[in-house]
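Chemist: Sequence and computational prediction follow.
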Amino acid sequence: MELGVEAELFHLVGIVRLEISFAVMHLRGRCSQSLKLCSFLVFWGSHDDEGSDAARAGVRLDFRPAQLTPGEARPVQIAHGAVLCNADEFPDIKAWAKEGIDWLREFMVLGHGIPSHDTFGRVFAALDPREFEGEFRRWVGQLVPTLGGDTVVAIDGKTSRRSTTKAEANQLHLVSAFAADIGLVLGQTATAEKSNEITATPELLALQGCVVTIGAMGTQTSIARQIRNCGADYVLCVKDNHPKLVEAFLLAQAGVGGKLVPSSTSETADDGHGRRKVHRCWAFDAFDRLYKAEQWMDLRSFAIVERERTVEAKTSRERRYYISSLPANTTRIARAVRSHWEVVNRLRWCLDVQFNENQSTVRTGFAANNLTIVRHLVLNLLRLNTSRKGSIKTKHILTASWDQIRAELLGVMT
């Protein structure tokens with residue numbers, strides 16, 4: 001009866017109605033108080049034609065409390081469970097749901113069976129990602145009401161390499177806010193191309209009390225001003241997109257204008273896997289030596305960070321330059337810089353390797369954007385769960401193999 005869901009989705013000709021409801025489930029973990037681990041999405045509705053203006057532009061969602069009632073189609077809800085079990089594409093999601101339909105029916109009514117993979121695709125292509133993203137941020141806000149002082153939030157962009165079609169040449173580029181200390185994605189917003197990271201960044205900056213790090217592309221006076229207006233501090237990387245600022249670093253380092261003495265220094269070493277890494281940091285409070293320092297709101301310091309890597313007697317060194325609203329304290333600045341580097345391993349690498357995102361061919365409408373939000377939600381769930389130790393890969397295996405573990409992660413007690 002797979003076609004039954006499609007018939008239900010399209011039986012109201014000419015009516016556009018896509019709705020999502022978040023029902024916050026509670027799961028009692030090792031601690032005494034219940035933890036809000038998942039807001040489970042419920043989708044139902046219909047639209048006249050997947051090629052319509054509404055489908056292409058995105059359909060506005062109506063978020064409201066709702067109970068699960070018989071006969072409703074839930075492709076978004078089902079997709080969360082499937083991605084948790086490492087499903088990559090809509091045919092995979094449909095295949096997983098078909099085999100696990102008996103388990104799904106323990107907590108939802110599937111009067112028309114499992115939707116086809118085309119239905120999954122149409123639903124995700126039509127959902128307005130701005131509305132979906134708004135609910136994602138509200139969900140994260142319930143899990144992490146406030147971030148601790150000095151929590152490092154890294155703003156970083158990632159491109160989905162295969163998210164293009166012949167008709168649409170631009171790849172999906174998603175800029176995410178990642179809380180490095182706890183390994184959670186706080187939010188994300190899509191841009192048409194990588195150069196638009198600058199315009200997308202302000203949407204993610206409701207980060208009072210945090211330390212925000214951004215790559216060189218986000219090192220802009222307007223971004224620094226907005227971070228400070230939000231009550232956060234910044235540590236911004238300076239590269240060749242600010243040539244005069246880089247030149248000021250080099251001149252100050254060479255002693256032009258007077259000897260430059262660091263206010264604070266630090267050095268850490270790490271040995272393992274046949275290599276040795278040394279991180280050095282020099283922080284300076286003589287920010288008046290920088291080019292047009294007054295343009296950077298509340299600028300208090302600048303820093304030079306050196307990474308030295310030795311493998312089999314071959315040593316390489318790399319130096320990077322940073323400006324910051326933090327005082328010239330190498331402990332805080334070096335920690336922020338190292339935390340920003342964690343984005344590569346703890347977010348980008350996980351999405352590409354554990355969730356196979358770079359190989360995903362989902363590209364119609366808003367489907368790629370919305371499916372990435374689902375992956376971020378699932379990644380957060382896996383990181384939040386501490387009932388069983390293991391890597392993201394291990395937890396994927398466990399959730400795919402045991403219904404009870406999956407139910408715990410999703411907050412659905414069967």
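Modeler: Right, received. Where do you want to start? Residues are numbered from 1 along each chain as shown.
Chemist: Going C-terminal from the longest helix anywhere in the chain, what's the next secondary structure element?
Modeler: Ranked by residue count, the top helix of the chain under DSSP state H comes out as helix 367-384. Using DSSP states H and E, the helix or strand that follows helix 367-384 in sequence is helix 392-401.
Chemist: hmm, back to that, show me how far the longest helix of the chain is from its chain's centre.
Modeler: How far helix 367-384 lies from its chain's middle: 8 Å, per CA atoms, centre = their mean, to the nearest Å.
Chemist: What of stretch 96-113?
Modeler: Relative to the centre of its chain, stretch 96-113 is centred 29 Å away, using CA atoms, centre = their mean.
Chemist: Go through it and flag the buried ones.
Modeler: By 16 or more other CB atoms under 10 Å, the buried positions in stretch 96-113 come out as Trp96, Ala97, Gly100, Leu104, Met108, Leu110, His112. C-beta here means a position set from N, CA and C on the backbone, and glycine is covered the same way.
Chemist: so what's the backbone phi/psi at the fifth one?
Modeler: Spelled out, that is Met108. phi -150, psi 150 (degrees, to the nearest 10).
Chemist: Distance of it relative to Pro115?
Modeler: 13 Å (CB to CB, to the nearest Å).
Chemist: So for stretch 388-395, mean pLDDT?
Modeler: For stretch 388-395, mean pLDDT rounds to 88.
Chemist: Any chance you could list what contacts it?
Modeler: Contact with stretch 388-395 is made by Cys350, Gln354, Leu379, Leu382, Arg383, Asn385, Leu398, Ile405, Leu409, as judged by CB atoms under 8 Å, 6 or more residues apart in numbering.
Chemist: Run the chain-centre distance for that stretch.
Modeler: How far stretch 388-395 lies from its chain's middle: 19 Å, per CA atoms, centre = their mean.
Chemist: same check, this time on stretch 135-153
Modeler: Distance, centroid of stretch 135-153 to centroid of chain: 12 Å (CA atoms, centre = their mean).
Chemist: buried set for that stretch?
Modeler: Applying 16+ other CB under 10 Å to stretch 135-153 flags Glu135, Phe136, Arg137, Trp139, Val140, Leu143, Leu147, Thr151, Val152, Val153 as buried.
Chemist: What's the end-to-end length of that stretch?
Modeler: Terminal residues of stretch 135-153 lie 20 Å apart, using CA to CA, to the nearest Å.
Chemist: same deal with stretch 376-394?
Modeler: Its first and final residues considered, stretch 376-394 spans 17 Å by CA to CA.
Chemist: Also stretch 350-364?
Modeler: Stretch 350-364 end-to-end distance (CA to CA) = 23 Å.
Chemist: Confirm that Gly157 sits in a strand.
Modeler: Yes. Counting by DSSP: H, G, I helix; E, B strand; the rest coil, Gly157 is found in a strand.
Chemist: Counting neighbours, what do you get for it?
Modeler: Burial of Gly157 is recorded as 23 neighbouring residues (other CB atoms under 10 Å).
Chemist: which one in this structure is furthest away from the centre?
Modeler: Going by CA atoms, centre = their mean, the residue of the chain most distant from its centre is Gly258, 44.0 Å out.
Chemist: Next, work out how far apart that one and Ala336 are.
Modeler: Distance check for Gly258 against Ala336: by CB to CB, it reads 28 Å.
Chemist: so Leu174 is in which element?
Modeler: Residue-wise, Leu174 maps onto strand 172-179 under DSSP H and E.
Chemist: Show me what the next helix or strand after that strand packs onto, helices and strands only.
Modeler: Using DSSP H and E, the helix or strand that directly follows strand 172-179 along the chain is strand 184-191. Counting contacts by 3 or more CB pairs under 8 Å, 6 or more residues apart in numbering; DSSP states H and E, strand 184-191 packs against helix 129-143, strand 172-179, helix 197-200, helix 367-384.
Chemist: In CSV: these, plus distance to Gln220 and mean pLDDT.
Modeler: Shown next, in CSV, are the helices and strands packed on strand 184-191 (distance: least, CB to CB, whole Å; pLDDT from 0 to 100):
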stretch, distance to Gln220, mean pLDDT
helix 129-143, 23, 85
strand 172-179, 14, 83
helix 197-200, 6, 56
helix 367-384, 24, 90
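Chemist: quick one: which of the ones you listed is nearest Gly81?
Modeler: Set against Gly81 and scored by CB to CB, those come closest in helix 367-384, at 9.3 Å.
Chemist: Now do the closest one and strand 184-191, the angle between them.
Modeler: Using axes from the mean of the first three to the mean of the last three CA atoms, to 10 degrees, the interaxial angle of helix 367-384 with respect to strand 184-191 works out to 170 degrees.
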